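Asker: I'll drop the sequence and a predicted model, then ask my questions.
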Amino acid sequence: LPAPNAQVELNVSQIKRGERALGDVQIKAAYEKMIPSLVAHLTSANGGTLHVDAHTTQPLPLAPLPAREALPPLDLDVAATAFNLSLFDGWVESLRGVGGMMQGHLSVGGTMASPKFAGNLSVKDGSLEIIEVARLEDIDVRVKAAPGELILEAFNFESGSGRGEMSAKLTRTGKDAMALRGDIKLRRFPLQAPQRKLGELDLNAGWTGSLTLAKLTIEPLHIREARAYVESTKTKALQDLDRPDDVVLFQSGKPASKTERKKYAELIAKEAPVKEVAEGTPPSVPLLPSFGTYPMFVHVKAPRNLWVRSKEGSIELGLSDNFMIERKGALEIYGSVLLRRGRLNVFGRDLDIRNTSKVTFMGDPANPELDVTVDHEAKTPAGATAATKYQIIITVKGRADNLSVKFTSVPALPQTDIISLLVTGRRTSGGGGAGTSQGEPGVQAAALAGGFIASKLRGTILRRLPVDVLSISANAIEAGTYVTDRLYV
């Protein structure tokens, strides 16, 4: 049908989450005379209301569907009176603990060239948990409309012991675009990963840009300062399980994650019977345009003052002038992360990062080009000869999936001596009190590295396992415990 008429109504009353009453929902969606519309009236458990009315002001044909840039103007009207946002709790799987009180009346309409904004809207005492990302509390949001402007006066929140503040402004430019401007500040904001805390972040940044129906451009995102405090707690190294392709993990009767949902949908599609389509049947047309591939271009300006700190050391980073983040479908990154300065303590050895080091992205964010050089000053102990200082240079180059690591020193030493100095602080041959070389160089290096690794493991895993002896050599691993004074297993 070239211009069908359709109406859908949904009425749900006495919505509950567990024993907690949330409220009622009434939704009416229609497509009449090629005008789509949506009217929703929600009543929260405290008697508060939220009324939403959205419709285009010009016809929107379904066949053919216009390009995103040619969509007709949309009028949106939102009116809230003491509305409790907890009614939305559980509507989206990845969001929990939704709460807060919404109040105000805001309308948005017109076109990019001639937008219409009016009213104001606020949320107080809000809360929101984004699963495995962050939990926000004490949320305070204030949105104000002015002629030609939509202003986010404040978006303040707390998360754990951290705080965040954000403000933004959307301004008419007179063209088919809106100008963007905003600022964000984070203080000790917790960084989360599944099942653990990664650390905390301090951030001071601002941005300017433009917004059209065709794309979002941020020029630039200026990161004035950022400090990431990385937790030193290590996760357990567990072996990955190779599951068959037709095994899907479920939780509470549903696929356990987005990846599992996708796999389940693909399996169902494979098992569904294939329907034969008669010749001449027109292809199906989506009812709404897809915004999943909405192009975004972000120029990040951060020449320095990007700090990563942990118990193992600290590094100052910067970005090259041409650093770009783009999404024209898949995410792409271009430019270099510059390692300005820093020192790391790895296995008790101080490694100084050269300021010529960098990591360069050429599109694929998972496979950058590394060019990193670190220095370590080693000193052999005094013995038959005087103590000698050596500068050990470690160079890492290549793509992340094909790295090369090179060890050199000043004065020049054999590879096994360099490794020995790094691991034990002594040379394997010729002076420095290390004695003479025994065996092949490869066996020496393996024995040295094995002994060093074993010494580190003894200080960690032996505290948690019933193991009294741990020895790693070039061709054997021994782990055992004393059952009695005379019985060793």
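Answerer: On my side now, so go ahead. The structure displayed is predicted, hence computed values, not measured ones.

Asker: Report the contact partners of residue 393.
Answerer: For residue 393, the contact set (Cβ atoms under 8 Å, 6 or more residues apart in numbering) comprises 373, 374, 375, 407, 408, 409, 410. (Each C-beta comes from the backbone N, C-alpha and C, glycine too.)

Asker: quick one: which two of these are the most distant?
Answerer: 374 and 410 (14.1 Å; Cβ to Cβ).

Asker: low-scoring pLDDT stretches of the stretch 251-400 of the chain, where are they?
Answerer: 251-254, 271-292, 381-387 (pLDDT under 70).

Asker: Correction: the previous question concerned the stretch 1-150 of the chain.
Answerer: Under the criterion pLDDT under 70, the flagged ranges of the stretch 1-150 of the chain are 1-3, 63-70, 112.

Asker: Which stretches in it count as strands?
Answerer: With strands called from DSSP state E, counting those that start in this stretch, the stretch 1-150 of the chain shows them at 6-17, 20-32, 35-44, 49-56, 74-84, 95-110, 115-130, 134-146, 149-159.

Asker: Include mean neighbour count and distance to residue 304 when you put those strands into TSV, please.
Answerer: Converted to TSV, the strands of the stretch 1-150 of the chain look like this (neighbours: other Cβ atoms under 10 Å; distance: least, Cβ to Cβ, whole Å):
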stretch	mean neighbour count	distance to residue 304
strand 6-17	11	48
strand 20-32	16	49
strand 35-44	18	48
strand 49-56	17	45
strand 74-84	18	42
strand 95-110	17	36
strand 115-130	17	31
strand 134-146	17	27
strand 149-159	18	27
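
Asker: So between residue 374 and residue 410, which is more surrounded?
Answerer: Legend: neighbour count by other Cβ atoms under 10 Å for residue 374 and residue 410, higher for residue 374 (21 against 11).

Asker: Nearest the geometric middle of this protein, what residue?
Answerer: The chain has residue 133 as the residue nearest its centroid, 8.4 Å off, counting by Cα atoms, centre = their mean.

Asker: Run through the residues that contact that residue.
Answerer: Residue 133 touches residue 192, counting by Cβ under 8 Å, 6+ apart.

Asker: mind listing the helices for this structure?
Answerer: Assigned by DSSP state H, the chain shows helices spanning 258-271, 415-424, 441-458.

Asker: Which stretches in the stretch 251-400 of the chain count as strands?
Answerer: Taking DSSP E, counting those that start in this stretch as the criterion, the stretch 251-400 of the chain carries its strands at 254-255, 296-301, 306-310, 313-319, 324-327, 331-346, 349-353, 358-363, 369-379, 389-399.

Asker: would JSON lines of those strands with distance to residue 62 be doable?
Answerer: Shown next, in JSON lines, are the strands of the stretch 251-400 of the chain (distance: least, Cβ to Cβ, whole Å):
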{"stretch": "strand 254-255", "distance to residue 62": "31"}
{"stretch": "strand 296-301", "distance to residue 62": "27"}
{"stretch": "strand 306-310", "distance to residue 62": "48"}
{"stretch": "strand 313-319", "distance to residue 62": "45"}
{"stretch": "strand 324-327", "distance to residue 62": "28"}
{"stretch": "strand 331-346", "distance to residue 62": "31"}
{"stretch": "strand 349-353", "distance to residue 62": "58"}
{"stretch": "strand 358-363", "distance to residue 62": "37"}
{"stretch": "strand 369-379", "distance to residue 62": "47"}
{"stretch": "strand 389-399", "distance to residue 62": "47"}
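
Asker: What distance do you get for the nearest residue to residue 141 once chain neighbours are set aside to residue 19?
Answerer: Distances taken as Cβ to Cβ, 6 or more residues apart in numbering place residue 123 nearest to residue 141, at 4.1 Å, with adjacent residues excluded. Residue 123 is 25 Å from residue 19, where distance means Cβ to Cβ, to the nearest Å.

Asker: Kindly report the same for residue 149.
Answerer: Noted for residue 149: a distance of 45 Å to residue 19, by Cβ to Cβ.

Asker: With residue 134 instead?
Answerer: 27 Å.

Asker: And for residue 153?
Answerer: 37 Å.

Asker: which residues does residue 204 bridge with?
Answerer: In this entry, residue 204 is beta-bridged to residue 185, residue 225, by DSSP bridges.

Asker: Contact partners for it?
Answerer: Counting by Cβ under 8 Å, 6+ apart, residue 204 touches 184, 185, 223, 224, 225, 226.

Asker: List only buried entries from those residues.
Answerer: Buried members of the contacts of residue 204, counted by 16 or more other Cβ atoms under 10 Å: 184, 185, 223, 226.

Asker: Out of those residues, which is nearest to residue 45?
Answerer: Nearest to residue 45 among these, counting by Cβ to Cβ, is residue 184 at 33.5 Å.

Asker: Could you report the separation of the nearest residue to the closest one once chain neighbours are set aside from residue 260?
Answerer: Closest residue in space to residue 184, ignoring its immediate chain neighbours: residue 166 at 4.5 Å, by Cβ to Cβ, 6+ apart. Residue 166 is 33 Å from residue 260, where distance means Cβ to Cβ.

Asker: before we move on, what about residue 98?
Answerer: Using Cβ to Cβ, residue 98 is found at 24 Å from residue 260.

Asker: what number of residues lie near the residue lying closest to residue 400 once chain neighbours are set aside?
Answerer: Counting by Cβ to Cβ, 6+ apart, residue 400 lies nearest to residue 367, which is 5.2 Å off, once chain neighbours are set aside. For residue 367, the count of nearby residues is 12 (other Cβ under 10 Å).

Asker: surely residue 367 meets residue 403?
Answerer: No. The pair residue 367 / residue 403 is not scored as a contact, 11.1 Å apart, by Cβ atoms under 8 Å.

Asker: Please report the distance of residue 84 from residue 57.
Answerer: 32 Å.

Asker: same check, this time on residue 410
Answerer: On the measure of Cβ to Cβ, residue 410 and residue 57 end up 74 Å apart.

Asker: Residue 125 too?
Answerer: Taken as Cβ to Cβ, the span from residue 125 to residue 57 is 36 Å.

Asker: Residue 41 now?
Answerer: Residue 41 is 22 Å from residue 57, by Cβ to Cβ.

Asker: go on, residue 360?
Answerer: For residue 360, the distance to residue 57 - Cβ to Cβ - is 48 Å.

Asker: of these two, who's got more company?
Answerer: For the pair residue 360 and residue 57, the greater number of neighbours falls to residue 360 (16 against 13), based on other Cβ under 10 Å.

Asker: Report the contact partners of the closest residue to residue 99 other than its chain neighbours.
Answerer: Of all residues not flanking residue 99 in the chain, residue 127 sits nearest, at 4.2 Å (Cβ to Cβ, 6+ apart). Residues near residue 127 by Cβ under 8 Å, 6+ apart: 97, 98, 99, 100, 135, 136, 137, 138, 139.

Asker: now do 10 Å
Answerer: Contacts of residue 127 were listed using Cβ atoms under 10 Å, 6 or more residues apart in numbering, and they are 85-86, 89, 96-100, 135-139, 157-158.

Asker: With respect to residue 203, which of these is nearest?
Answerer: Distance to residue 203 across the contacts of residue 127 (Cβ to Cβ) is lowest for residue 157, with 13.5 Å.
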